[in-house]
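Novice: need a structure here:
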Amino acid sequence: MSIVMSPEKNEKKSETSLKSGSLMKDLSASLVVFLVALPLCMGIALASGMPPAAGLVTGIIGGLVVGFIAGQPLQVSGPAAGLAVIVFELVREHGAASLGPILMIAGAVQLVAGLLKTGRWFRAISPEVIHGMLAGIGVLIVIQQFHVVLDRSPEHSGPANIMAMWGAVFGGVFPLNGSKEESAALVGLVTMAVMILWERFRPAKLRLVPGALLGIGVATTMAQLMGMNVNRVKVPENLMQMISLPSMSSIEGLSLSTMVGTALALAFIASAETLLSAAAVDQMQTRAKTDYDRELAAQGVGNMLCGLVGALPMTGVIVRSSANVQAGAETRKSAILHGVWMLLAVVAFASVLRMIPTASLAAVLIFVGIRLVKPADVKKLARFGKFPVLIYFASMLTIVATDLLTGVMVGVGLSLMRLLYTVTHLETHIEEQEGETHVHLLGVATFLAIPRIAHALDAVKTEKAVHIHCAHLRYIDHACIEVIESWAERREENGQEIHVSMEKLHMRYRARVSETVT
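Specialist: Model prediction:
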């Protein structure tokens, strides 16, 4: 006996099957993202001068809160290396308690900017500035975490960290005498070796297993079995101890200009990194497109909450987001579930987290920092001339030598100077052809170019016919037109033949002739 199901039942069964398949993909992807995010959250917290718990709380909020309202469903939010430098400087100068109120202001700025639909404008930053910023951050992370991987405290600035490297190596690691720095360095080297070997030789079936987690696992096991005397991660006994509510005393000694300036810097950099990451996620897949304004507002809500509970600032992060896409995530459930797994890890496995050596996390951050400096970016920029490369290195070196905000401002300033040069640059060229003189004007002719145009025209000494070629100008304003017309009128009054090849000037000539006839 055969049973024939109705079309309605077949459609319902198909929909149920699709939903079930999507949920399983999201569940699988969320576990991958969780394994990638867990060490990074703690490592970035250490690089920011904050306890690892602060990074974990940010990761939880990024999943459970921002995951629900994000404008790019497949993007994963959490603490990012791009903000570690500016947070480290703030914490070093004003204390960890000052971060909360400033971060709440930064989040409010992002929320308002998203509601005002300015999300797309945060992407209007030249690529050379962004790449230079990331490279500068990468260098700072490497030279800062170099000291942490030796169980030492980093210095207050990039140049100071560089200067202190020699003493850290030859006053700590060498001579080999069983010092604490030696043990920490061994832990860091093992972590990085495992990560590098896994990147190169991992089986295709296990390509989604993060090398950072394996490196930390091997190094932690080694440190436990050998009873190494190294610094370890400090995680509170329960979740409530990780939360630090802001108070008025936390902003004592902070000027209004410092608070607002730092908040705007955090909002600007976090927004740029988030929206660039979202744009990259759009290019990776076709399942979900980004609502940039909604994404910006969601990040604002997340950062306000992070500031309220004393956590790190968050952004949309490309490393975790790309892992999410590559793992096959279908909906925002994956980002949300990764937050659930992080919460469970903090609640149920805090004792395991406390076994992790800080040198191992620092090694992971060094690996991340090295990957932020991409020679391929310089090659791409070089295709467009020397100036983009100059902006790239100027931004990077200024960030390393001073601070993140100054470096970004230098890059933006140079980009604006380049734009000003482009929109005001005019080239002139004079050549003789078959008994005639040809004056070529190329580029942009504004009132700033009047001296150059006048110099080129005055250089024409011949009495032969003169052709002024303006058709290839991208723009010409009335001031330059008046200069060319006046020169042509004087020459025509002396009986010289003048030809001007540009429609705008021809129209002006026709109008002038018509007025004379009338």
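Novice: please count neighbours and contacts with C-alpha atoms only from this point.
Specialist: OK.
Novice: in three-state terms, label V439 for me.
Specialist: The assignment at V439 comes out as strand when based on DSSP: H, G, I helix; E, B strand; the rest coil.
Novice: tally of neighbours for it?
Specialist: V439: 20 surrounding residues under other CA atoms under 10 Å.
Novice: so what's it up against?
Specialist: Taking CA atoms under 8 Å, 6 or more residues apart in numbering, we find V439 in contact with T428, H429, I430, E431, A456, L457, V466, H467, I468, H469.
Novice: in the chain, which spans are strands?
Specialist: 77-78, 315-316, 426-433, 436-445, 466-469, 473-476, 498-501 (DSSP state E).
Novice: among those strands, which is the most enclosed?
Specialist: strand 77-78 (a mean of 31; mean count of other CA atoms under 10 Å).
Novice: for the stretch 351-500 of the chain, just list every one of the helices.
Specialist: 358-372, 375-382, 386-401, 404-424, 450-458, 478-493 (DSSP state H, counting those that start in this stretch).
Novice: okay, those helices in TSV with distance to K289 next?
Specialist: As requested, the helices of the stretch 351-500 of the chain are arranged in TSV below (distance: least, CA to CA, whole Å):
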stretch	distance to K289
helix 358-372	26
helix 375-382	25
helix 386-401	29
helix 404-424	28
helix 450-458	48
helix 478-493	45
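Novice: from those helices, which stretch is densest packed?
Specialist: helix 358-372 (a mean of 26).
Novice: circling back: any chance of the helices of the stretch 351-500 of the chain in JSON lines, plus mean pLDDT and distance to N177?
Specialist: Converted to JSON lines, those look like this (pLDDT from 0 to 100; distance: least, CA to CA, whole Å):
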{"stretch": "helix 358-372", "mean pLDDT": "86", "distance to N177": "19"}
{"stretch": "helix 375-382", "mean pLDDT": "88", "distance to N177": "38"}
{"stretch": "helix 386-401", "mean pLDDT": "91", "distance to N177": "33"}
{"stretch": "helix 404-424", "mean pLDDT": "83", "distance to N177": "38"}
{"stretch": "helix 450-458", "mean pLDDT": "90", "distance to N177": "71"}
{"stretch": "helix 478-493", "mean pLDDT": "88", "distance to N177": "77"}
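Novice: quick one: which of these is nearest V260?
Specialist: helix 404-424 (13.1 Å; CA to CA).
Novice: and K289, its phi and psi?
Specialist: phi -100, psi 150 (degrees, to the nearest 10).
Novice: quick check: it touching D282?
Specialist: Yes: between K289 and D282 there is a contact at 5.8 Å, judged by CA atoms under 8 Å.
Novice: coming back round to it: quick one: closest of the helices of the stretch 351-500 of the chain to N161.
Specialist: helix 386-401 (10.1 Å).
Novice: which neighbouring elements make contact with that closest one?
Specialist: helix 127-148, helix 158-168, helix 375-382, helix 404-424 (3 or more CA pairs under 8 Å, 6 or more residues apart in numbering; DSSP states H and E).
Novice: name the helices or strands packed onto the first one?
Specialist: When you say that, I think you mean helix 127-148. Against helix 127-148 (3+ CA pairs under 8 Å, 6+ apart) you get helix 7-47, helix 84-94, helix 158-168, helix 358-372, helix 386-401, helix 404-424.
Novice: make it 7 Å
Specialist: With contacts defined as 3 or more CA pairs under 7 Å, 6 or more residues apart in numbering; DSSP states H and E, helix 127-148 has these neighbours: helix 158-168, helix 358-372, helix 386-401, helix 404-424.
Novice: closest one to E128 among these?
Specialist: helix 386-401 (4.9 Å).
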